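[1] Generate coordinates for the sequence data below:
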Amino acid sequence: MGIHHILLSHLPDAVISMVDDFDKTLQMLEKQQFDLLIMDINLPGGDKVGMINSIRMKQANIPILVCSGYDEQLYALPFLKAGANGYISKSAPNGDFKTAIDSVMNNRIYASPSVLQNAFGILFNSKNSPDSISSKLSDKEVEIAGLLVKGQSTKAISEHLHLSPSSISIYKAKIFEKLGVSNIVELTTYFELNR
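    Residues are numbered from 1 along each chain as shown. The predicted structure is shown next:
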């Protein structure tokens, strides 16, 4: 409802349609042309980044603004790489939200300054940046994190490194804590953004 209110205050003549799952979104896109799509990451029936491609198959040129409570440092760049036009945090000020709408509707990419700074760090492959993996983890933790990202189980990693499964579990917990992630998907995303 907050987004609905901001949209109408910014674009008083806007006609707004709302749906609560991804299948309904695709059905609407088949029936009607839209000037803008604002979507959350966590839509029932959706598959995160893959949703962008599904939307583009229905309406190739629709501006897509992802608006989510998920950590923008983890999720903004993967969604932008997938073809979204913008990514904004649900906690962003109303003025930023209006700027994001104007940007994507005028064929410009929108992301917060901190996301853009992170993107430049990745672009220039700054290994010494405070967000780089090697600045946060020990060599052994980097090695284990790399194996986790490749999909290896705790048991497989323990056999590979000749360590006990409980040691690997402890390393895994430390890696998650140091990087501020809570699961393998977030760890993988972190690696993609900061390698």
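
[2] Let's check: the centremost residue of the protein is which one?
    For the chain, residue 75 is the residue whose C-alpha lies nearest the centre (C-alpha atoms, centre = their mean; 1.5 Å).

[3] Would you verify that that one is located in a helix?
    Yes. The assignment for residue 75 (DSSP: H, G, I helix; E, B strand; the rest coil) places it in a helix.

[4] With only the CA atoms kept, save the lengthiest helix in the chain in PDB.
    Using DSSP state H, we find that the single longest helix of the chain is helix 165-179. In PDB, the C-alpha atoms belonging to helix 165-179 read as follows (Å, rounded to 0.1, in the frame of the first residue of the first chain):
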ATOM      1  CA  PRO A 165      32.700 -33.000   9.400                       C
ATOM      2  CA  SER A 166      32.200 -31.100  12.700                       C
ATOM      3  CA  SER A 167      35.300 -28.900  11.900                       C
ATOM      4  CA  ILE A 168      33.800 -28.100   8.500                       C
ATOM      5  CA  SER A 169      30.500 -27.200  10.200                       C
ATOM      6  CA  ILE A 170      32.400 -24.800  12.500                       C
ATOM      7  CA  TYR A 171      34.200 -23.200   9.600                       C
ATOM      8  CA  LYS A 172      30.900 -22.900   7.700                       C
ATOM      9  CA  ALA A 173      29.300 -21.100  10.700                       C
ATOM     10  CA  LYS A 174      32.300 -18.800  10.900                       C
ATOM     11  CA  ILE A 175      32.200 -18.000   7.200                       C
ATOM     12  CA  PHE A 176      28.400 -17.200   7.300                       C
ATOM     13  CA  GLU A 177      29.000 -15.000  10.400                       C
ATOM     14  CA  LYS A 178      31.900 -13.100   8.900                       C
ATOM     15  CA  LEU A 179      30.200 -12.500   5.600                       C
END
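
[5] so where's the chain shaky on pLDDT?
    Within the chain, the stretches falling below the threshold (pLDDT under 70) are 121-132, 193-195.

[6] any chance you could map the helices in it?
    Using DSSP H, helices in the chain cover 2-10, 22-31, 50-58, 72-82, 94-105, 113-123, 133-136, 139-149, 154-161, 165-179, 184-194.
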